[in-house]
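J.: Give me the fold of what follows.
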Amino acid sequence: MKKRILVLGANGFIGNALVNKLTEKTQNEIFGLDLYSNKLDESLQKRNFMFVKGDINIKSKWIENHIKKCDVIIPLVAIATPNMYVKDPYRIFQLNFESNLKIIKLIAKYNKRVIFPSTSEVYGISKDKFFNEYSTNLSVGPVNKHRWIYSISKQLLDRIIIALAEKKQLEYTIFRPFNWIGPKIDSLKQAELRNGRVLTIFIYNLLYNKDIVLVGNGKQKRSFTYIDDGISALNTIIENKKNNLNGKIFNIGNPKNNISIKKLAEILISDYQLIYPNKYKGKIVYKSEKEFYGKSYEDIPLRVPDISEAKKYLNWTPKDDVYSSVSKTLKSFIDANK
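T.: Next up, the predicted model:
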């Protein structure tokens, strides 16, 4: 069945991988908007992908016209890097909440279907062993810890979307990515400025022979999920072949890939040394949270998804183990910087 799909933030990490997948079905019409297009080289060659370069806060008329004519809207525009949470929390709130709220209001105005990217961060500092979409309490830290502004912004939008759906003003499916990794996750320039995600920062340090810095004791654990697995689940949500995914929330993560940040660093160093023996001269060092991020940061010790809903409704199970996921991501950066 032909679908018209609007992807806002098409050049982002999830956006570019999703567009590449969606354009495989030639009957689909995909419309994309972003500030840049450097990650979209392959997709821009596809006849069923129409891209416009621009800011979601400026291209409001274009966005409204395309929401009106599209079947599915996927608003992926967000800043999702911890350093930015503490450095500029107001900017995080402006873009992640206020700008996206305008999009959600337009989706409700035309009674469309939104597939909304929430985040595993909404679960905050929950003590649950596995985070469940419906039973886990969403609890965060003290108000002076700016680190939680991203989590709160996403949670507010989750709640607004659900409330609008209850009034029959839109249809929704919410997905919560758990530490997706893969090619084009961030740029090395972002990593250099510490505005990338932890994996990219570690890879930058490897490539430029710098020490890898672990924040705190390095025992914090994350469930790293390869981008192809994530996009597979997301594509099933978009297709909604059985028409049974509206009003659902899905954790999209790999609980088997739950490793410490220290283990992540060790895997990367090992993989890099297999490719370039004796080239890396750096070492693992430790810094306190306050020293690395400032006083407004607070870490999360454990974040593991319950994926029973995704298994039940999407028939989805992640395939890539943590070693292949990290290895493929590292190799993509090496290849891109030869």
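J.: CA atoms for contacts and neighbours, from now on please.
T.: OK.
J.: Do a quick rundown of the strands in the stretch 151-300 of the chain.
T.: Residue ranges of the strands in the stretch 151-300 of the chain, as given by DSSP state E, counting those that start in this stretch, are 171-177, 180-181, 212-215, 221-223, 225-226, 248-252, 258-260, 284-287.
J.: Now the ones you listed in a markdown table, please, with extra columns for mean neighbour count.
T.: Shown next, in a markdown table, are these (neighbours: other C-alpha atoms under 10 Å):
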| stretch | mean neighbour count |
| --- | --- |
| strand 171-177 | 23 |
| strand 180-181 | 23 |
| strand 212-215 | 20 |
| strand 221-223 | 21 |
| strand 225-226 | 28 |
| strand 248-252 | 24 |
| strand 258-260 | 20 |
| strand 284-287 | 14 |
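J.: Turn those into CSV, including distance to Thr26.
T.: Output for the strands of the stretch 151-300 of the chain, formatted as CSV (distance: least, C-alpha to C-alpha, whole Å):
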stretch, distance to Thr26
strand 171-177, 24
strand 180-181, 27
strand 212-215, 44
strand 221-223, 34
strand 225-226, 25
strand 248-252, 26
strand 258-260, 37
strand 284-287, 47
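J.: most distant residue from the middle of the chain?
T.: Here the centre of the chain is the reference, and by C-alpha atoms, centre = their mean the most remote residue is Asn278, at 33.8 Å.
J.: Format the strands of the stretch 151-300 of the chain as TSV; extra columns: distance to Ser153 and mean pLDDT.
T.: Listed next are the strands of the stretch 151-300 of the chain as TSV, based on distance: least, C-alpha to C-alpha, whole Å; pLDDT from 0 to 100:
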stretch	distance to Ser153	mean pLDDT
strand 171-177	14	98
strand 180-181	19	98
strand 212-215	24	97
strand 221-223	21	97
strand 225-226	23	98
strand 248-252	17	98
strand 258-260	25	98
strand 284-287	28	97
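J.: Nearest to Arg303, out of the ones you listed?
T.: Ranking those by their distance to Arg303 (criterion: C-alpha to C-alpha) puts strand 221-223 first, at 5.6 Å.
J.: I'd like to check what contacts that closest one. Which residues are they?
T.: Contact with strand 221-223 is made by 178-179, 253-261, 301-305, as judged by C-alpha atoms under 8 Å, 6 or more residues apart in numbering.
J.: Can you tell me the closest non-neighbouring residue to Arg176?
T.: In space, and not counting its chain neighbours, Arg176 is closest to Thr119: 4.3 Å by C-alpha to C-alpha, 6 or more residues apart in numbering.
J.: The one you found is in contact with Asp158, isn't it?
T.: No - using C-alpha atoms under 8 Å as the test, Thr119 is too far from Asp158 to be in contact (9.8 Å).
J.: before we move on, back to that, need the pLDDT of the residue nearest to Arg176.
T.: As summarised for this prediction, Thr119 has a pLDDT of 98.
J.: what does Met1 give?
T.: The model's pLDDT for Met1 equals 74.
J.: Please tell me how far the nearest residue to it once chain neighbours are set aside sits from Ile181.
T.: Sequence neighbours aside, Gln27 is the residue nearest to Met1 in space, at 7.6 Å (criterion: C-alpha to C-alpha, 6+ apart). Using C-alpha to C-alpha, to the nearest Å, Gln27 is found at 29 Å from Ile181.
J.: State the distance from the residue nearest to Met1 to Ile67.
T.: From Gln27 over to Ile67 the distance is 19 Å, taken as C-alpha to C-alpha.
J.: neighbour-wise, which of these two wins?
T.: Ile67 (25 against 13; other C-alpha atoms under 10 Å).
J.: before we move on, back to that, mind checking which of the strands of the stretch 151-300 of the chain is nearest Ser325?
T.: Checking the strands of the stretch 151-300 of the chain against Ser325 by C-alpha to C-alpha gives strand 225-226 as the closest, at 5.3 Å.
J.: chain center to that closest one, what's the gap?
T.: Remark: strand 225-226 is offset 11 Å from the chain centroid, using C-alpha atoms, centre = their mean, to the nearest Å.
J.: for stretch 116-129, same thing?
T.: Offset of stretch 116-129 from its chain centre (C-alpha atoms, centre = their mean): 13 Å.
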